[in-house]
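**Q** Would you be able to build a 3D model of this:
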Amino acid sequence: MRIDAHHHLWDLARRDQPWMDGPWADPIRRSYALGDLIPHLTAHRLDGTVLVQSSSSYDETTDLLALVAGDGPVRGVVGWADLTDPGLADVLAALPRGLVGIRHQVQDEPDPDWLTRPEVLRGLGVLADAGLVYDLLVTPRELPAAQAAVHAVPGLSFVLDHAAKPEVARGAWQPWADRVTALACHPNVSCKLSGLVTEADWSAWRPGRILPYARHILDVFGPGRVLFGSDWPVCTLAAAYDDVLALAESATGGLTEAERAAVFGGTAGRVYGIGAPHGRWARPRPPR
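**A** Numbers count the residues shown, from 1 in each chain. Purely as a prediction, here's the structure:
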């Protein structure tokens with residue numbers, strides 16, 4: 001089972017994406033539907049995907065969950081919820097089927113310790129009780145708070161998105177490397193091999209600049225806790241879907257067949273509780 005564990009879809013006619021806050025986002029400032037992604041999945045024999053929120057909206061989460069129904073490729077949704085809401089448990093229970101996790105744009109919070117606030121930790125405990133995963137969208141600045149939250153809620157499964165966004169364009173290695181290593185010491189944390197091309201120089205990146213970061217993630221988490229994610233269509237600011245997948249395949253080239261199978265699907269299936277594909281997505285075939 002091959003899974004793209006991280007991609008986005010949005011409809012700008014239905015809602016804005018506030019993070020698109022400058023001309024840098026113009027190349028992707030349009031709506032993206034599932035039909036735009038399917039050719040990439042088919043070409044690379046991907047059996048399923050995890051669809052991830054891009055705005056802090058329950059309406060968006062509900063719209064994304066509608067794509068889990070039927071025999072399409074979306075196997076689960078990482079949606080958004082207000083972790084500080086005292087009624088969070090009831091809110092989660094009322095959402096449609098298909099929710100596998102929750103994410104919040106912690107990187108945009110002014111407080112680098114936001115994850116350690118008592119009301120946030122309480123909300124993370126609610127997610128643990130609900131059997132959901134929490135995706136950590138953080139930068140190196142927030143990694144100490146992320147480690148504190150992981151330690152405080154050991155019953156919750158965490159997934160680190162985009163390897164915590166190392167500053168690849170600057171060639172910065174510390175404190176990112178040590179902080180990610182410390183986080184990897186917690187067995188309830190996995191990490192997505194995703195988002196690295198957009199942390200590099202968009203117009204001049206080379207695999208040799210990115211691969212050391214990817215291989216560090218594989219070293220400290222181990223293949224059994226690493227998940228491939230394209231971060232499509234955001235990745236297209238710097239690279240095509242084909243290039244992102246080729247980069248991940250290069251990073252995992254020294255692994256065994258079983259270890260590569262974990263990175264490209266097995267870990268996502270286990271962490272997010274994604275079942276086997278069904279219907280026309282059981283054995284996708286590239287076009288002739």
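**Q** And the strands in the stretch 101-250 of the chain, which stretches?
**A** Per DSSP state E, counting those that start in this stretch, the stretch 101-250 of the chain carries strands over the ranges 133-136, 157-160, 189-193, 226-228.
**Q** tell me the mean pLDDT for the second one?
**A** In this case it means strand 157-160. Average pLDDT, strand 157-160: 98.
**Q** Pull it out as CSV, backbone CA atoms only.
**A** Taking C-alpha atoms only, strand 157-160 is exported to CSV below (Å, rounded to 0.1, in the frame of the first residue of the first chain):
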residue,chain,number,x,y,z
SER,A,157,0.4,9.8,18.7
PHE,A,158,2.1,12.9,17.2
VAL,A,159,3.3,13.4,13.6
LEU,A,160,5.9,16.0,12.9
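**Q** other SSEs contacting it?
**A** Applying 3 or more CB pairs under 8 Å, 6 or more residues apart in numbering; DSSP states H and E, one finds that strand 157-160 contacts strand 133-136, helix 143-152, strand 189-193. Any C-beta I mention is one placed from the backbone N, CA and C, and that applies to glycine too.
**Q** what does the last one give?
**A** Other elements packing on strand 226-228 under the criterion 3+ CB pairs under 8 Å, 6+ apart are strand 3-7, strand 189-193, helix 267-272.
**Q** Please identify the deepest-packed of those.
**A** strand 3-7 (a mean of 28; mean count of other CB atoms under 10 Å).
**Q** How far does that one sit from its chain's centre?
**A** In terms of CA atoms, centre = their mean, to the nearest Å, the centre of strand 3-7 is found 7 Å from the chain centre.
**Q** and L143, what pLDDT?
**A** Looking at L143, its pLDDT is 98.
**Q** which one is it nearest to, not counting chain neighbours?
**A** R179 (3.9 Å; CB to CB, 6 or more residues apart in numbering).
**Q** buried sites along the top helix by length along the chain?
**A** Across the chain, the longest stretch assigned as helix under DSSP state H is helix 207-221. By neighbour count on 16 or more other CB atoms under 10 Å, the buried set for helix 207-221 is I210, Y213, A214, H216, I217, L218, V220, F221.
**Q** Relative to W202, which of the strands of the stretch 101-250 of the chain is closest?
**A** With CB to CB as the criterion, W202 lies closest to strand 189-193 of the strands of the stretch 101-250 of the chain, at 18.8 Å.
**Q** Which strands or helices does that closest one pack on?
**A** On a contact count with 3+ CB pairs under 8 Å, 6+ apart, strand 189-193 meets strand 157-160, helix 176-184, helix 207-221, strand 226-228.
**Q** Let's have those in a markdown table, adding distance to P166.
**A** What follows is the helices and strands packed on strand 189-193, written out as a markdown table (distance: least, CB to CB, whole Å):
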| stretch | distance to P166 |
| --- | --- |
| strand 157-160 | 11 |
| helix 176-184 | 4 |
| helix 207-221 | 5 |
| strand 226-228 | 15 |
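**Q** Quick check: which of the helices and strands packed on strand 226-228 is nearest to D231?
**A** So among these, strand 3-7 is nearest, using CB to CB, at 5.5 Å.
**Q** Give me the contacts around that closest one.
**A** If you take CB atoms under 8 Å, 6 or more residues apart in numbering as the criterion, strand 3-7 is touched by 37, 41, 46-52, 75, 161, 192, 194-195, 227-233, 264-265, 267-269, 272, 274.
**Q** so what does the strand or helix carrying D59 touch, helix or strand wise?
**A** According to DSSP states H and E, D59 maps onto helix 58-65. The contact analysis (3+ CB pairs under 8 Å, 6+ apart) places helix 58-65 against strand 74-79.
**Q** CA atoms only for the following helix or strand past the strand it packs on, dumped as CSV, please.
**A** Later in the chain than strand 74-79, the nearest helix or strand by DSSP H and E is helix 88-94. The C-alpha trace of helix 88-94 is given here as CSV (Å, rounded to 0.1, in the frame of the first residue of the first chain):
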residue,chain,number,x,y,z
LEU,A,88,-13.8,19.8,22.1
ALA,A,89,-14.9,16.2,22.8
ASP,A,90,-18.4,16.9,21.6
VAL,A,91,-17.2,18.8,18.6
LEU,A,92,-15.1,15.9,17.5
ALA,A,93,-17.8,13.4,18.0
ALA,A,94,-20.2,15.4,15.8
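**Q** From the chain's centre, how far out is helix 88-94? Work that out for me.
**A** When distances are taken as CA atoms, centre = their mean, helix 88-94 is centred 22 Å away from the chain's centroid.
**Q** for stretch 98-108, same thing?
**A** That offset, for stretch 98-108, works out to 9 Å (CA atoms, centre = their mean).
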